[in-house]
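>>> Would you be able to build a 3D model of this:
(one chain, ligands or ions: 2)
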Amino acid sequence: MQDEFSLLREEIAVLKKTRNAIILAHNYQRDEVQAVADYTGDSLELSRTAASIDCEVLVFCGVHFMAESAAILSPDKTVLLPEPDATCPMAAMIEVASERKIWKTFPGYIEQPSFVFPHNFTLRDMKLRYPGVPVVAYVNTTADVKAESDICCTSANVIKVIESLPDEKVICIPDRNLSMWAQKNTTKHIIAWDGFCHVHDRVTKQDVLDARKRYPSALLMAHPECRLEVLELADHVTSTSGMLRYVKSSKSNEFIVGTELGLMYRLKQDNPGKLFHPLRTDMICPNMKKTTLRSIIRALRDNEKIIRVPDEIRGRAKMALDRMLDIK
Ligand code: 13P
Ligand code: SF4
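Ligands and ions are numbered 1, 2, ... in the order given. Sure, this is the predicted structure:
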């Protein structure tokens, strides 16, 4: 039976073949986009795939920093971002240097086991304040921020990355919640940036208590971009693909999902007998939802929306990404 997307899928299959293209999709993409992808995954898995896959064109269905990382890791490939306006607001919360001061404050954040650097400063200000302290950049950053950093991390490997460094003090940018989570799981001293993901940071302790009441038999999973007050009450804290693995290996049949709702697609596909409830029904990242089958077709057909990173930045950013990828 033909569904509303079948003709678009056929067109994509033909274009993929003519252009020797591979489609990568993040776990938060629309269902139909994940369905058409050659590989789906979390940020770490997609970076590894982008670095190793053999093709001429990579279509990155995700947000800008992800396609940029793919372009940094695979300079010989054409990397297409079907929706170039699909950006991550958290990545825009830190700049290397800036003439303008962005005087923003983020009230409502209390838990501070280590110093949180306010983001009316820049990364360079921070490095001057802490000379010699290594910078761990979450992959949710721009290429020039990565280029100014020592090593990258994702939500899947942040603790491993921090522990791999010989230093006792580490700067973690830009997600304050991921940093707080790391601080709880390492004896090192973490200096955090005051950035956050608006999709995960909106979840409160009360949301967890309410969900637990509504679904008393369910296990609760939370992404480390959630606040520490949420993470401390979760049964399991992990990246999006970490959640997929956790559910697969768990004997439990019911789960509360504390991340962007795009993950529901694969959770349900991979585990037809299990039940999934959103921790909040509004955990939707508008940028992750911008990519459609039509925009994939346009990108492949017109060869527009190519992501390019200037060589000087690319080389240094690649070192930070490679150091992360070298950690097994
Ligand atoms: P992961 O898939 O790496 O857990 O990433 C979450 C995220 O917010 C990506 O933007
Ligand atoms: Fe950025 Fe959050 Fe959207 Fe991920 S879910 S792209 S961190 S805003």
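
>>> buried sites along the helix or strand encompassing Glu312?
Assessed by DSSP states H and E, Glu312 sits inside helix 311-325. Buried residues in helix 311-325, counted by 16 or more other C-beta atoms under 10 Å: Ile313, Arg314, Arg316, Ala317, Lys318, Met319, Ala320, Leu321, Arg323, Met324, Leu325. To be clear about C-beta, it is placed using only N, CA and C from the backbone, and glycine gets the same treatment.

>>> just the helices in the stretch 1-150 of the chain please.
Secondary structure of the stretch 1-150 of the chain (DSSP state H, counting those that start in this stretch): helices at 6-19, 31-36, 43-52, 64-73, 123-129, 143-147.

>>> close enough to count as contact, Asp150 and Ala317?
No: judged on C-beta atoms under 8 Å, Asp150 makes no contact with Ala317 at a distance of 11.6 Å.

>>> got the residues of the stretch 201-328 of the chain near ligand 2?
By C-beta under 6 Å from any ligand atom, the residues of the stretch 201-328 of the chain that approach ligand 2 are Glu225, Glu260, Cys285, Asn287, Met288.

>>> Swap in 8 Å and give it another go.
Residues of the stretch 201-328 of the chain that fall close to ligand 2, judged by C-beta under 8 Å from any ligand atom: Glu225, Glu260, Cys285, Pro286, Asn287, Met288.

>>> among the residues you listed, which are in reach of ligand 1?
Answer for those near ligand 1 (C-beta under 8 Å from any ligand atom): Glu225, Glu260, Cys285, Met288.

>>> got a list of what the residue in the stretch 1-150 of the chain positioned nearest to ligand 2 touches?
Distance from ligand 2 to each residue of the stretch 1-150 of the chain (C-beta to the nearest ligand atom) is smallest for Cys88, at 3.3 Å. For Cys88, the contacting residues are Val63, His64, Phe65, Asn140, Cys197, Asn287, by C-beta atoms under 8 Å, 6 or more residues apart in numbering.

>>> that older thread, out of the residues of the stretch 201-328 of the chain next to ligand 2, the closest to ligand 1 would be?
Glu225 (5.9 Å).

>>> residues touching the closest residue to that closest one other than its chain neighbours, list them.
Distances taken as C-beta to C-beta, 6 or more residues apart in numbering put His200 closest to Glu225, at 3.7 Å, once the chain neighbours are dropped. Applying C-beta under 8 Å, 6+ apart to His200 gives the contacts Asn177, His223, Glu225, Cys226, Arg227, Gly258, Thr259, Glu260, Met283.

>>> so the second one touches Ser239, yeah?
Yes: His223 is in contact with Ser239 according to C-beta under 8 Å; the separation is 7.0 Å.

>>> Return every residue with contacts to both of the two.
Ser155.

>>> Of the two, which one has the most company?
For the pair His223 and Ser239, the greater number of neighbours falls to His223 (30 against 23), based on other C-beta atoms under 10 Å.

>>> excluding its backbone neighbours, what's nearest that one?
The shortest distance from His223 to any non-neighbouring residue, by C-beta to C-beta, 6+ apart, is to Thr259 (4.0 Å).

>>> same deal with Pro174?
Gly195 is the one closest to Pro174 (C-beta to C-beta, 6+ apart), at 3.3 Å.

>>> most centrally placed residue in this protein?
Compute the mean C-alpha point of the chain, and by C-alpha atoms, centre = their mean the closest residue is Ser43, 5.0 Å away.

>>> That residue: what's its closest spatial neighbour, skipping adjacent residues?
Closest to Ser43 by C-beta to C-beta, 6+ apart is Thr154, at 4.4 Å.

>>> Thought Tyr138 was touching the one you found, still the case?
Yes: between Thr154 and Tyr138 there is a contact at 7.1 Å, judged by C-beta under 8 Å.

>>> Of these two, which one has the most company?
Tyr138 (31 against 23).

>>> name the element Val170 belongs to?
strand 169-173.

>>> Could you give the average pLDDT over that strand?
Averaging pLDDT along strand 169-173 gives 92.

>>> what do you get for stretch 220-231?
For stretch 220-231, the mean confidence score works out to 98.
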